[in-house]
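[1] 3D, please:
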Amino acid sequence: MKKISFLILALILTVMSVAGCGQAAGENDAEVEESDAIQIGFSMDSFLIERWQRDRDIFVSKAQELGAEVNVQNANGEVSRQISQIEYFIEKEMDVIVIVAIDGGALSEVVEKAKKAGIRVIAYDRLILDANVDLYISFDNEKVGTLMGELLREALEDEGTIICINGSPTDNNVKLVFGGFQKALQGSDILIDETGYADHWLAEIGFDFVSDYLAKGNVPDAIMCGNDDIATQVVKALSENRLAGQVYVTGQDADLAACQRIVEGTQHMTVYKPLELLAQRAAEMSVALAEGEMPETQSVVNDGTFDVPFEKLDPVAVTKENMDEVIIGKYHQKNEVYLNVQE
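    Modelled structure (predicted):
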C-alpha cells in the first residue's frame, strides 16, 4: 500500500510540474507578443508646466489604442539627461522616438545617431534644429504671437507701453511667438519698453522681472507673457502692487488658472492650443512611421539646414467673451473656470 501511495503522490507531483511549465511558457509567449508591438519612446522636457501631463496622457492613450507601447521619460529640464534618455531609447531599438526638446539646438547629434540606427524621429511641439527629423508636429507658433499682439492692439487702442517676458531662449517656439507678436504690433504706437526671458521656462523669473520694473516707478499698460505659467507670476507681482486688473496680461496654453483669471478680470487673454488633437495626431503619425508609411502634412519648415515635413495646427485666442464657446466642456468645466466668480 505504501508503494502504491508513493506512486500516486509522484504522479500528482509530475502533473503539477507539467502544468507549471505550461503556465510559464504562456507568460513567455505573452512577453514575445508584447515585444512585437510597436515601441515608441517619448522624451519629455518636464512636467512643471500643466499642459505636458495632458499631452503625455492623451498621447499614451491613443498610441495604446492603436496597438503601440510607449515608454515615457522625463528629463526634468536637463539637456544632458534628455540626451541620455534618447540614447537609452536607441539601445532599446525603439521604432519611433518622439521628443519635446529642452534645447532645440542641442540634439542634432543624438537624432542623427537614432536615424542611423533606423529609428524614426518626431519633434513634438518644438522644432529640433539642424537635425532633419522625420516629422515636426506643432501649432502655428507665429500665429500664437500674432493673436496676442492683435488683441493687445485692440485693448490698448493702438498706443501704450508694454513689457514682454518670453519663455526659454533655447525653445525655438519662443522666437516664433515673439516674432509673430512684433509683426502684429507694426503700424501701431505701442512701445515695447523692456524684454526678458524665463530661462528653462522658470515662471518665477516673470515675478522678479515685473517686480523690478515696477520698483523703478514704471507701470506698463500691458504685459506679454510667454505662457500662462509665467502670467501667474506676473499677476502675482501686479497684485502685490495693487495693479491686478489694471494692466493687460496675455498668455498661452489656456491653463485652468489662466481661464479663471480671465473671467475674474486679472488676465486679458490666453491662446488655446487643442492639445488633444496634437497628441492624438502625433500618436497616429508615430504608428504610421513605425509601419513604414509617411503621413501627409500641410507644409514644410526649415530647421536651419533641412526642410522638414510639418503638421501645423491652428491655435485659438480666448477672452472672457468667447470662454464658454471655446473652453467650457471641451478643455475645462464651467464650475472650475467660474469657481471664484459669483453669477
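[2] check contacts around the most centrally placed residue in the chain.
    Against the mean C-alpha coordinate of the chain, by CA atoms, centre = their mean, the closest residue is W52 at 4.5 Å. For W52, the contact set (CB atoms under 8 Å, 6 or more residues apart in numbering) comprises 44-46, 100. All C-beta spots, glycine's among them, are computed from the backbone N, C-alpha and C.
[3] which SS state does Y136 fall under?
    For Y136, the assignment made with DSSP: H, G, I helix; E, B strand; the rest coil gives strand.
[4] next one: I163
    Assignment for I163 (three-state DSSP): strand.
[5] just to check, it is in contact with M224?
    Yes: under the contact definition of CB atoms under 8 Å, I163 touches M224, with a separation of 7.5 Å.
[6] picking that back up, could the contacts of W52 be laid out in CSV, adding pLDDT, secondary structure and distance to F181?
    Listed next are the contacts of W52 as CSV, based on pLDDT from 0 to 100; DSSP: H, G, I helix; E, B strand; the rest coil; distance: CB to CB, whole Å:
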residue, pLDDT, secondary structure, distance to F181
M44, 96, strand, 26
D45, 93, coil, 22
S46, 91, coil, 25
V100, 97, coil, 22
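[7] which pair in the residues you listed spans the largest distance?
    Taking CB to CB, the two most distant members of these are S46 and V100; they sit 8.9 Å apart.
[8] which one's more surrounded, the two?
    The residue with more neighbours, out of S46 and V100, is V100; 21 against 17, by other CB atoms under 10 Å.
[9] pretty sure the more buried one sits against I49.
    No: taking CB under 8 Å as the definition, V100 is not a contact partner of I49, at 10.2 Å.
[10] got phi/psi on A101?
    The phi and psi values for A101, taken as degrees, to the nearest 10, are phi -70, psi 130.
[11] what is the neighbour count of it?
    With neighbours defined by other CB under 10 Å, the count for A101 comes to 28.
[12] which residue, other than its chain neighbours, is closest to it?
    Nearest residue to A101, sequence neighbours excluded (CB to CB, 6 or more residues apart in numbering): R126, at 4.6 Å.
[13] quick one, what contacts the one you found?
    For R126, the contacting residues are 100-101, 104, 138, 171-173, by CB under 8 Å, 6+ apart.
[14] now E291
    For E291, the set of contacting residues under the criterion of CB under 8 Å, 6+ apart consists of I38.
[15] distance of D158 relative to I119?
    In this view, D158 and I119 are 50 Å apart by CB to CB, to the nearest Å.
[16] wait, E284
    Applying CB to CB, one obtains 18 Å for the distance of E284 from I119.
[17] so which of those two has more stuff around it?
    Set side by side, E284 and I119 give different neighbour counts by other CB under 10 Å, the larger being at I119 (23 against 15).
[18] contacting residues for that one?
    Under the criterion of CB under 8 Å, 6+ apart, the neighbours of I119 are 89-90, 93-97.
[19] may I have the phi/psi pair for it?
    Summarising the backbone geometry of I119 under the convention degrees, to the nearest 10, its torsions are phi -100, psi 130.
[20] next one, pLDDT for it please.
    Per-residue confidence for I119 comes out at a pLDDT of 98.
[21] just the strands in the chain please.
    Here the chain has its strands, by DSSP state E, at 38-44, 68-74, 96-99, 120-124, 135-139, 159-166, 189-197, 222-225, 248-250, 270-272, 299-302, 307-313, 316-318.
[22] want to throw those strands into TSV with mean neighbour count and distance to Q333?
    Formatted as TSV, the strands of the chain follow (neighbours: other CB atoms under 10 Å; distance: least, CB to CB, whole Å):
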stretch	mean neighbour count	distance to Q333
strand 38-44	24	26
strand 68-74	18	26
strand 96-99	30	29
strand 120-124	25	27
strand 135-139	24	23
strand 159-166	20	29
strand 189-197	16	34
strand 222-225	27	24
strand 248-250	26	23
strand 270-272	27	15
strand 299-302	13	35
strand 307-313	17	23
strand 316-318	20	15
